[in-house]
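*Asks:* Give the three-dimensional model of this entry:
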Amino acid sequence: MEKQKPILSISMLASDRMDTLPRCLESLRPIREAIPCELIVVNTCKNPEVQALIEKYADKMDTFEWCNDFAKARNVGVKMAEGEWFMFIDDDEWFAEPEELIEFFRSGEYREFGYASHRIKNFHDPEFKTYGYGWVSRLIKLEKDTAFHSKVHEYLAPYVGKCKKLYATSYHSGYIFKSKEAVQKHFDRNASLLEKMELEEPDNLRWKVQMMQEYRTISDYESLVSYGEKTLDALWSRKHSVNLLQFASIHIGYAIGLNQSGKYEEVEKVYQKAQDVVKNTVFPQAYMELCVAESYIHREMYLQAKEHLEKYLELYNECQKNPKKYENESTGIILVDVVDERYVSKAYTILLYAELCMGNDNALYELFPLLNWKKEDIKVFFEIETKILETLIRLKDKEMLQTVMQLSLSSKNIRPHMMKAILDWQGKNREEYIELLEVCKTLDIDSWYKEYA
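*Replies:* Just a heads-up that it's a prediction; the model follows:
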């Protein structure tokens with residue numbers, strides 16, 4: 001009996017990651033059991049334990065001598081694929097929510113499309129408590145000329161036909177680094193390959209956006225500013241011939257670097273210049289509003305900050321109401337951050353700070369619940385915790401003070417900032433400091449500060 005041709009070829013590069021590879025391979029089992037599949041694994045390491053594990057799962061295997069070129073390595077898997085469609089996955093990822101992907105193929109809907117993207121959940125800590133979402137283009141109808149391109153941040157091409165957005169979600173732990181040295185090593189590898197790609201394809205903005213993201217990842221904001229300035233100077237003369245979303249992303253990356261470097265007046269100039277680029281967009285426009293609002297706060301221009309934050313929140317709400325309408329804008333590596341819960345919380349924090357600085361005490365009651373301090377990776381900005389304490393002590397609102405302190409001292413991220421703000425009060429007003437301690441005694445928390453109080 002003739003073997004059924006697979007609908008989907010799943011291809012993976014295997015490196016020396018025995019801590020994540022078993023989970024990845026096992027997570028593909030529901031997909032392989034639900035639809036005709038083949039699993040192709042290209043092994044790039046010489047670990048016999050990895051090879052033995054691959055042999056248990058893979059339908060096809062090959063080895064590849066690593067040469068600092070991800071496209072070359074992945075194209076080994078493409079050449080071996082026999083499916084109607086092709087999908088790739090990394091060995092530090094795993095499919096935890098594959099249902100919509102399975103239904104896409106099982107229903108036959110895949111015949112109406114030429115390629116598809118799916119969601120990816122990027123974890124930021126070893127306990128998987130903090131994360132952000134993104135989109136990745138990992139599925140394509142397999143044609144004779146289908147191939148990977150680029151030495152790093154490789155991509156499949158050509159894309160033909162319509163794109164299907166799948167909310168099937170893979171999880172990714174590859175951004176969890178054990179040390180600063182590991183982060184730097186990852187940056188050095190990617191940056192060197194991106195430099196080569198820029199030389200090979202000087203007009204492709206993809207590599208410039210990726211390079212800015214690499215600088216941002218290691219918090220090298222001086223290099224981010226220098227690179228952004230140089231890149232924009234070269235691009236503005238031909239702005240009508242470049243990719244709009246990538247061009248906008250470069251403006252945003254530059255503005256982020258300027259804010260982090262304390263060059264706040266320059267952010268306003270970038271914002272004004274970027275309006276021609278972002279005026280017909282939602283994600284880029286929203287991000288520029290957030291960047292310029294942050295610069296105004298640093299300059300104590302609270303009314304201007306408020307105006308731009310309200311524009312940001314209006315655009316954010318538009319994205320939330322019509323997510324499918326703006327799916328194309330949400331796929332950029334920098335752009336996607338603007339709807340992340342951490343950035344929305346930052347916007348509300350800046351807005352609350354501006355309102356309190358302008359004497360609007362009522363804003364505390366309206367905006368504090370929106371700071372989302374319950375979420376693990378939410379941060380505090382502009383010493384908002386001190387501003388909140390000042391307001392509540394002045395208003396003598398012990399009930400709200402108790403609510404704020406219960407929430408903040410229960411949060412791993414917020415607690416150190418709030419503890420410092422409380423301890424600092426001893427030097428401001430001893431009587432009010434004692435009142436803060438009395439409130440701390442009533443809290444349902446497990447920390448040294450309650451014992452101290």
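
*Asks:* Output the below-cut-off pLDDT ranges for the chain.
*Replies:* 1-3 (pLDDT under 70).

*Asks:* how about the strands in it?
*Replies:* Under the criterion DSSP state E, strands of the chain are mapped to 8-14, 37-43, 60-63, 85-90, 93-97, 115-123, 131-141, 147-149, 155-157, 163-172.

*Asks:* TSV for these, including mean neighbour count and distance to Lys273?
*Replies:* In short, each C-beta sits where N, CA and C put it, glycine included. Below are those laid out as TSV (neighbours: other CB atoms under 10 Å; distance: least, CB to CB, whole Å):
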stretch	mean neighbour count	distance to Lys273
strand 8-14	24	41
strand 37-43	22	45
strand 60-63	14	50
strand 85-90	23	38
strand 93-97	19	38
strand 115-123	19	31
strand 131-141	19	27
strand 147-149	17	32
strand 155-157	18	29
strand 163-172	18	31
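
*Asks:* Of all the ones you listed, which one is nearest Arg74?
*Replies:* strand 147-149 (4.3 Å; CB to CB).

*Asks:* ok, the closest one: who's next to it in the sheet?
*Replies:* Paired strands of strand 147-149, with direction, are strand 155-157 (antiparallel) (DSSP bridges).

*Asks:* Give me the distance between the strand it pairs with and the centre of its chain.
*Replies:* Strand 155-157 sits 21 Å away from the centroid of its parent chain (CA atoms, centre = their mean, to the nearest Å).

*Asks:* Likewise for stretch 200-211?
*Replies:* 20 Å.

*Asks:* Can I get that stretch as PDB, trimmed to CA atoms?
*Replies:* Extracted as PDB, the C-alpha positions of stretch 200-211 are listed here (Å, rounded to 0.1, in the frame of the first residue of the first chain):
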ATOM      1  CA  GLU A 200      25.000  41.800   1.600                       C
ATOM      2  CA  GLU A 201      21.600  43.600   1.500                       C
ATOM      3  CA  PRO A 202      22.300  47.300   2.400                       C
ATOM      4  CA  ASP A 203      18.800  48.300   1.300                       C
ATOM      5  CA  ASN A 204      16.900  45.800   3.400                       C
ATOM      6  CA  LEU A 205      15.700  47.600   6.600                       C
ATOM      7  CA  ARG A 206      14.900  44.200   8.200                       C
ATOM      8  CA  TRP A 207      18.600  43.900   9.400                       C
ATOM      9  CA  LYS A 208      18.700  47.500  10.700                       C
ATOM     10  CA  VAL A 209      15.600  46.900  12.800                       C
ATOM     11  CA  GLN A 210      17.000  43.700  14.100                       C
ATOM     12  CA  MET A 211      20.300  45.400  15.000                       C
END
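
*Asks:* before we move on, back to that, redo the strands of the chain as CSV? Include distance to Glu341.
*Replies:* Below are these laid out as CSV (distance: least, CB to CB, whole Å):
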stretch, distance to Glu341
strand 8-14, 30
strand 37-43, 34
strand 60-63, 41
strand 85-90, 25
strand 93-97, 18
strand 115-123, 13
strand 131-141, 8
strand 147-149, 33
strand 155-157, 28
strand 163-172, 16
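
*Asks:* and Glu399, which of those strands is closest to it?
*Replies:* Of the strands of the chain, nearest to Glu399 by CB to CB is strand 131-141, at 33.6 Å.

*Asks:* Quick one: residues in contact with that closest one.
*Replies:* Residues outside strand 131-141 that contact it (CB atoms under 8 Å, 6 or more residues apart in numbering): 84-89, 101, 110, 113-124, 146, 155-156, 159-161, 163, 165-166, 169-170, 327, 330-331, 333, 336-337, 340, 342, 377.

*Asks:* could you redo the last one with a cut-off of 7 Å?
*Replies:* 84-89, 114-124, 146, 155-156, 159, 330-331, 336, 340 (CB atoms under 7 Å, 6 or more residues apart in numbering).

*Asks:* Next, give phi and psi for Ile176.
*Replies:* phi -100, psi 110 (degrees, to the nearest 10).

*Asks:* Can you get me a residue count around it?
*Replies:* 16 (other CB atoms under 10 Å).

*Asks:* distance of it from Ser249?
*Replies:* According to CB to CB, to the nearest Å, Ile176 and Ser249 sit 24 Å apart.

*Asks:* ok, now Asp276?
*Replies:* Applying CB to CB to Asp276 and Ser249 gives a distance of 15 Å.

*Asks:* Looking at those two, which has the bigger crowd around it?
*Replies:* Looking at Asp276 and Ser249 with other CB under 10 Å, you find the greater number of neighbours at Ser249, namely 26 against 12.

*Asks:* is it true that the more buried one touches Ile334?
*Replies:* Yes: here Ser249 reaches Ile334: they are 4.5 Å apart, a contact under CB atoms under 7 Å.

*Asks:* hey, what's in contact with both of those two?
*Replies:* What both Ser249 and Ile334 touch, as defined by CB under 7 Å, 6+ apart, is the set Val209.

*Asks:* now Asp361, nearest residue through space, not along the chain?
*Replies:* Take Asp361 and drop its neighbours on the chain: the residue closest to it by CB to CB, 6 or more residues apart in numbering is Thr391, 5.6 Å away.

*Asks:* wait, what's in contact with that neighbour?
*Replies:* 356, 361, 364.

*Asks:* Wait, the first one touches Tyr365, no?
*Replies:* No: under the contact definition of CB under 7 Å, Leu356 does not touch Tyr365, with a separation of 11.5 Å.

*Asks:* Compare the two (neighbour count), which wins?
*Replies:* Legend: neighbour count by other CB under 10 Å for Leu356 and Tyr365, higher for Leu356 (19 against 11).

*Asks:* got a list of what that one touches?
*Replies:* 363-364, 387, 391.

*Asks:* Swap in 8 Å and give it another go.
*Replies:* So Leu356 contacts 363-364, 387-388, 390-391 (CB under 8 Å, 6+ apart).

*Asks:* Restricted to helices, list those.
*Replies:* 363-364, 387-388, 390-391 (DSSP state H).
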